[in-house]
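Peer 1: Just the structure for this:
(one chain, ligands or ions: 1)
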Amino acid sequence: MTLESSGFATRAIHAGQEPDPLTGAVSVPIYPTSTYVQEEIGTNLAALEGGTASRVFGSGMAAINAVATMLKAGDHVVAGHNLYGGTPRLFDQVLANFGLTFTYVDTSDVNKVEHALLKNTRLVFLETPTNPLMELCDLRAICELSHQHGVEVVVDNTFMSPYFQRPIELGADMVVHSTTKFLNGHSDGLGGVVVCTKPEQAEKLAFLQKCAGAILSPFECWLILRGVKTLAARMLQHDSNGRKVADYLSKNAKVQKVFYPGLTNHPQHELAKRQMSGFGSMIAFETGSLANANKMLRKVRVCSLAESLGGVETLISHPATMTHAAVGEEGRRKIGITDGLVRISVGIEDVDDILADLDQALAAI
Ligand SMILES: Cc1ncc(COP(=O)(O)O)c(C=O)c1O
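Peer 2: Next comes the predicted model:
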């Protein structure tokens, strides 16, 4: 049996993580003066996403910035209108100054993506499910359509991890992650990765890394390699807890709406079942007002009020004032992020404790 033909969990533990030939150490050692550790993690993450190579960066934003700087002045990008707030901030407030142009569309509608494509469009940049409204993009359809126009597709797969969604198998040309989230999984290290499908992408990214210097430190590489070993086990528990929390929230009278692709009333539930092998643990829900959101967020104890996501601990946040503050009030209104919206990244604690915590916090509304 080869490593390539083995299962996901086996590859997560062994691909690119062979025992150290020098000492026999089972854990990949850190050589502070070399780039070897980056090459090892690149191998590991490319194997999990089904890509050919990958490059790791100092953060998710550094990875996204590297992808965008593969373009040149005059190029156009079509991007989802509901991305992680830092991504349009980078595009509009930094890269637009260097001659790149961006059009934001509702990428849950394939026709809108098609209408936005221009002669100079080089890239479609997608997040699915979106952050925080959990809208899906039909990856196969968008990749097919974009390729017909000679346009490449990049997918930010941070929310699902390669355990539940592998965009390259559906046609994507590159995948990016904030490894800060599920891949590391322990809220203790920043990082980003771009997984490539073509040698010229990997070469160009390596060149950009060298030029701009946004590399990942050996210690952070080591943290991610360690985190990824338990990715399969963690994702299964995240998914199991996520489904139970979404179900609980959808039955709580204080909650007006729940956004989770695993719920049968999610408008894209069928696509979610087709495109992903689990529903994950990212959930958003509507409390009705900023005052209600504040009342409940002040009361949580097991859930930690914090930005970020994908750690073993349950993190709860308020998109309007935290992750999506940079989008501005008007921007949030356009895409439907209300002041009463709360986002939860369900951790892997005992689910009854998470449910009891939410129950007492929602009782404050
Ligand atoms: C979907 C998504 N992509 C990218 C990023 C940026 O990653 P980082 O914080 O590692 O720069 C985030 C951060 O929250 C995110 O949620």
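
Peer 1: drop to CA atoms for contacts and neighbour counts, all remaining ones
Peer 2: Will do.

Peer 1: Quick one: residues contacting G340.
Peer 2: Contacts of G340 were listed using CA atoms under 8 Å, 6 or more residues apart in numbering, and they are E286, T287, G288, S289, L290, A291, N292, A293.

Peer 1: Kindly report the same for H266.
Peer 2: F259, Y260.

Peer 1: quick one: pLDDT of it?
Peer 2: We have a pLDDT of 98 for H266.

Peer 1: Rounded mean pLDDT for the helix or strand hosting L225, please.
Peer 2: Using DSSP states H and E, the element containing L225 is helix 218-229. Helix 218-229 shows a mean pLDDT of 92.

Peer 1: tell me which residues of the helix or strand just after it are tucked away?
Peer 2: Helices and strands here follow DSSP H and E; after helix 218-229, the next one along the chain is helix 231-251. Within helix 231-251, the residues scored as buried using 16 or more other CA atoms under 10 Å are 231-232, 234-246, 249-250.

Peer 1: now do stretch 248-263
Peer 2: Going by neighbour count (16+ other CA under 10 Å), the buried part of stretch 248-263 is L249, S250, K254, V255, K257, V258, F259, Y260, P261, G262, L263.

Peer 1: just stretch 69-87 next, same as before
Peer 2: 69, 75-87.

Peer 1: can you list the residues of the stretch 101-250 of the chain near the ligand?
Peer 2: Residues of the stretch 101-250 of the chain lying close to the ligand by CA under 6 Å from any ligand atom are T158, F159, S178, T180, L190, G191, G192.

Peer 1: Helices along the stretch 151-300 of the chain, start to end?
Peer 2: For the stretch 151-300 of the chain, the helices defined by DSSP state H, counting those that start in this stretch cover 161-164, 199-212, 218-229, 231-251, 269-275, 290-299.

Peer 1: Just the residues of the stretch 101-250 of the chain next to the ligand: which are in strands?
Peer 2: Counting by DSSP state E, these place S178, G192 in strands.

Peer 1: Show me the contact partners of whichever strand or helix holds E330.
Peer 2: E330 belongs to helix 328-335 when assigned by DSSP H and E. Outside of helix 328-335, the residues within contact range by CA under 8 Å, 6+ apart are H81, N82, A320, H324, T338.

Peer 1: quick one, what contacts V105?
Peer 2: By CA under 8 Å, 6+ apart, the neighbours of V105 are V78, A79, G80, H81, K112, V113, A116.

Peer 1: Spit out the contact partners of G58.
Peer 2: L190, G191, G192, A214, I215, L216, S217.

Peer 1: so how far is S345 from it?
Peer 2: 23 Å (CA to CA, to the nearest Å).

Peer 1: How many residues are close by whatever residue of the stretch 151-300 of the chain ends up closest to the ligand?
Peer 2: Nearest residue of the stretch 151-300 of the chain to the ligand: S178, at 4.2 Å (CA to the nearest ligand atom). S178 has 28 neighbouring residues, counting by other CA atoms under 10 Å.

Peer 1: Was I right to think it contacts V195?
Peer 2: No - with contacts counted by CA atoms under 8 Å, S178 stays clear of V195, the gap being 11.7 Å.

Peer 1: In the protein, which strand is the longest?
Peer 2: strand 121-127.

Peer 1: for the following helix or strand past that strand, packing partners?
Peer 2: Counting by DSSP H and E, the next helix or strand C-terminal to strand 121-127 is helix 139-148. With contacts taken as 3 or more CA pairs under 8 Å, 6 or more residues apart in numbering; DSSP states H and E, helix 139-148 sits against helix 110-116, strand 152-156.

Peer 1: Which neighbours in the sheet does the last one have, and how are they oriented?
Peer 2: Right, the one you point to is strand 152-156. Strand 152-156 has its sheet partners listed here by DSSP bridges as strand 121-127 (parallel), strand 174-178 (parallel).

Peer 1: circling back to that earlier point, tabulate the contacts of G58 (TSV), appending neighbour count.
Peer 2: Formatted as TSV, the contacts of G58 follow (neighbours: other CA atoms under 10 Å):
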residue	neighbour count
L190	20
G191	27
G192	26
A214	20
I215	23
L216	23
S217	18
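
Peer 1: In terms of pLDDT, where does the residue of the stretch 201-350 of the chain at minimum distance from the ligand sit?
Peer 2: Shortest the stretch 201-350 of the chain-to-the ligand distance, computed as CA to the nearest ligand atom: residue-wise this is S308, at 5.1 Å. Looking at S308, its pLDDT reads 89.
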